Each structure stands twice: as structure tokens, then as C-alpha cells.
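Colleague: what shape does this take:
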Amino acid sequence: MARKKITEYDEKAIQEIHIWKSPKLSFFNKFVSKLSKPLDKIANKVPRKFSQNQVIDAIGKSVEGVIKVTNDASQWTVRPDSIMKEFNKRGYKLRTLKGIKRIKLEEIDKIVGWLDAKYKGIATLEGGTTGAAGLFGIPADVVAIIALNFRAVGEYATYYGYDISTQQERLFALNVLGLASSPSDAAKEVALAQLVKIASDVAKKRTWKELEQHLFVQITRNIAKAVGIRLTKAKLAQFIPYIGAVFGAGFNAYYTSKVCEAAYYLYRERFLAEKYGAEVIEITVNPAKDLSPNYKEIKENFQIRKRG
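Modeller: Model (predicted):
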């Protein structure tokens, strides 16, 4: 069967995705990597007014809240019917999400162009109260920002024709959040390996074998734990002299921007891979061998030393 001829718009999109995805090519990724590295050491520089137990408690509450969010099915509801109606108003006659795959990428891109601004705006407003609540406001803020970004990823997925209620799509979405929160190149590789595996399997039309419920729960819990720990550490930077004001003012918008950007490029890549073949997917790292991410945060005991 002859391969479809790639349109000029789609070819340009593929090139843009490859540049974004490859750390060797992307200036933005190099910049973000340098900015993110200090976040892994934030917890060791917590101001003296906070005790070790207070910090550990804040991290624990954040993780617990994020796990609850990942287990709450309502967080994944994006109302696909509303999105299909939006397409139908533009002249398409869709009955299922699969029908979106017949629409040109450039038409979908026009519709989703406003999503990042929408979610960044909400994230900025949501994070405005954290400073006033101090350390004890961090867990609630982390849970709120994760819930918001779940919805953002779910909306991107649905606009590109993916059913976020299925196991494979929930795992893909969770790994998008994991990628956006990655504090190091090694952490990014773990998330990308998972994303490449799922995207490649779907593009090659491999039958998804439903995971046993206990295994699925374990995997989602591990991803949720890692994301909760990373974001809590990052939020702790708000209380470090000199950088706190800058970090506190824009972190929620910054993280949401990374999530929206990752979702935008990764779902477009999958859309094009299903249209033109799995070789469209840019393999920055090799696909993971299984679906259990080997997160550094899960192995550690999370003992935070008191500052000097």
C-alpha cells in the first residue's frame, strides 16, 4: 500500500515537532533544562522558619491529593460531544471522535489555538492565593494545578480525536504531566520513553491489552507521586529569599504553559503518525520496554535535611 503524500502544512508540522522534541535541536528545551535543574535541590534550601517535618508533611499532603485527583474519573471528563458539535458547526458531520482523524491538521490547529491562553490564564488566577497561605497552602495549590492540567491535556487529546477515558490515553496524559514536571534530562527521558511507546503502539495499530486494575492503579500512583513531589519542591522556591517573588508570581502559568505545549506537539505528532505511518514519530529516546516508569522520586526516602 502506497504511503500517503505528506502535505506542505503537515511536513512543516512534523519538522516543528522534531525540533521541539529533540534536546539537541531545541533551544527552548536547553533553556528549560537549565532552569529546572535547581528545582531538584530546592527542598534542601527551605527557609529556617519551616521545620523538616512541616516540609515533609506538605509534600505528603500534595502527593496524597494528586493521587486522589488521578483516581477521580470526573477529572477526565472533557465532554467530547461539545467538541464534536464545535467541529460540526464548521461543516463537518461527526458522529464519533474517530471522525476527527479525517479532518486536516491545519483545521484542527486553528480550533485549538486558544487553549493554552485559556489554561494559563486560569492557572495564574488560581496561584494568586498561595503566597498568602504560606507553606500550608502549597498542597491545595499543587492539587488544583494538577486537576487543571489534567483537564487541559484531556481537551487537547479530544480535539485531536483521542478518547481520554481509555487506559492507554489516561497513561499517555499522565506521562505528559510527568514530562512537563521533569527537573532533569534523565527524568525527561523516562517520560518520553513511555510516551513514545504508547504513541508508536497506537500508530502501528497494535491491540491494547487492558492492564490488570491493580497494575494500572500502581502505575498511575507512581506517576502521580513523582509529579506531586516535583511540583511541591518547585513551589517551595516561593519561600527562598530573592527568588521567591519571581517564582511565586509565575510558576503555575509556567508549568501550565509547559503542559499545554507538550500536549499540543505530542498529540499532533500522534495524529500525523496515524495518518502517514509510525516513522513520523521522532525517537529522541527509545520506547520504554514496559509501562511502569522508573521514577527517581519513587526510589528515594524523601528525607529533607534542615538548612544549615
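
Colleague: if I look at residue 179, how far off is residue 110?
Modeller: Distance, residue 179 to residue 110, using C-beta to C-beta, to the nearest Å: 25 Å. C-beta coordinates here come from the backbone N, C-alpha and C atoms, glycine included.

Colleague: who has more neighbours out of the two?
Modeller: residue 179 (22 against 11; other C-beta atoms under 10 Å).

Colleague: which SSE is that one in?
Modeller: Using DSSP states H and E, residue 179 sits in helix 167-181.

Colleague: and for residue 196?
Modeller: Here residue 196 is assigned to helix 185-203, by DSSP H and E.

Colleague: quick one, phi psi at residue 13?
Modeller: phi -60, psi -40 (degrees, to the nearest 10).

Colleague: again with residue 93
Modeller: According to degrees, to the nearest 10, residue 93 has phi -110, psi 80.

Colleague: cool, and residue 5?
Modeller: Dihedral angles (degrees, to the nearest 10) for residue 5: phi -70, psi 130.

Colleague: quick one: it from residue 210, how far?
Modeller: 36 Å.

Colleague: now the stretch 51-200 of the chain, which segments are flagged as low pLDDT?
Modeller: 51-52, 73-76, 127-134 (pLDDT under 70).

Colleague: tell me where it has helices.
Modeller: 52-71, 80-88, 105-112, 115-126, 130-133, 138-159, 167-181, 185-203 (DSSP state H, counting those that start in this stretch).

Colleague: got the ones you listed as JSON lines, with distance to residue 9 columns?
Modeller: Listed next are the helices of the stretch 51-200 of the chain as JSON lines, based on distance: least, C-beta to C-beta, whole Å:
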{"stretch": "helix 52-71", "distance to residue 9": "35"}
{"stretch": "helix 80-88", "distance to residue 9": "18"}
{"stretch": "helix 105-112", "distance to residue 9": "5"}
{"stretch": "helix 115-126", "distance to residue 9": "19"}
{"stretch": "helix 130-133", "distance to residue 9": "41"}
{"stretch": "helix 138-159", "distance to residue 9": "17"}
{"stretch": "helix 167-181", "distance to residue 9": "24"}
{"stretch": "helix 185-203", "distance to residue 9": "19"}
